[in-house]
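Enquirer: the sequence isn't on hand, but the structure is:
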């Protein structure tokens, strides 16, 4: 039995191969080039936890909750009240808040529609208006 592909006219064979190569080109063009390209799209959140007067709060616990997976990450601030979360997904929405001495800050939202790569957020714990 003959191979039907090779018995076709040359023009049909060339068109078939062109179609295969075009499909491979478009698939490879749509895929990320390497891991560095994927890392560049990651986002981070950093900031300070402070009193209403602006003094840093050490030992505050900052929470970052992923709305899709419901996972929660936490960070305990040091003397300067600084916190940071690295490598968060640009495709998910997050909630961010802090707790210290039985008090809680307002809940802040990070949207997947926001195109920032670095979010700077100051969380105030205490009375606010």
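Expert: Yep, it's here. Just so you know, these numbers come straight off a predicted model, no measurement behind them.
Enquirer: can you find the helix or strand in this protein with the smallest mean pLDDT?
Expert: One helix or strand of the chain scores below all others by mean pLDDT, DSSP states H and E: helix 35-40, with a mean of 49.
Enquirer: contact partners of whichever helix or strand comes after that one?
Expert: Counting by DSSP states H and E, the next helix or strand C-terminal to helix 35-40 is strand 43-50. Applying CB atoms under 8 Å, 6 or more residues apart in numbering, the external contacts of strand 43-50 come out as 56-57, 60, 62, 64, 77, 80-90, 94, 96, 98, 100, 105, 110, 116-125. Quick note: C-beta positions are derived from backbone N, CA and C, even for glycine.
Enquirer: thought residue 73 was touching residue 86, still the case?
Expert: No. Counting by CB atoms under 8 Å, residue 86 sits too far from residue 73 to count as a contact (10.2 Å).
Enquirer: more neighbours, the two?
Expert: Taking other CB atoms under 10 Å, residue 86 and residue 73 do not tie; residue 73 has more neighbours (14 against 10).
Enquirer: just to be sure, that one is in a strand?
Expert: Yes. Counting by DSSP: H, G, I helix; E, B strand; the rest coil, residue 73 is located in a strand.
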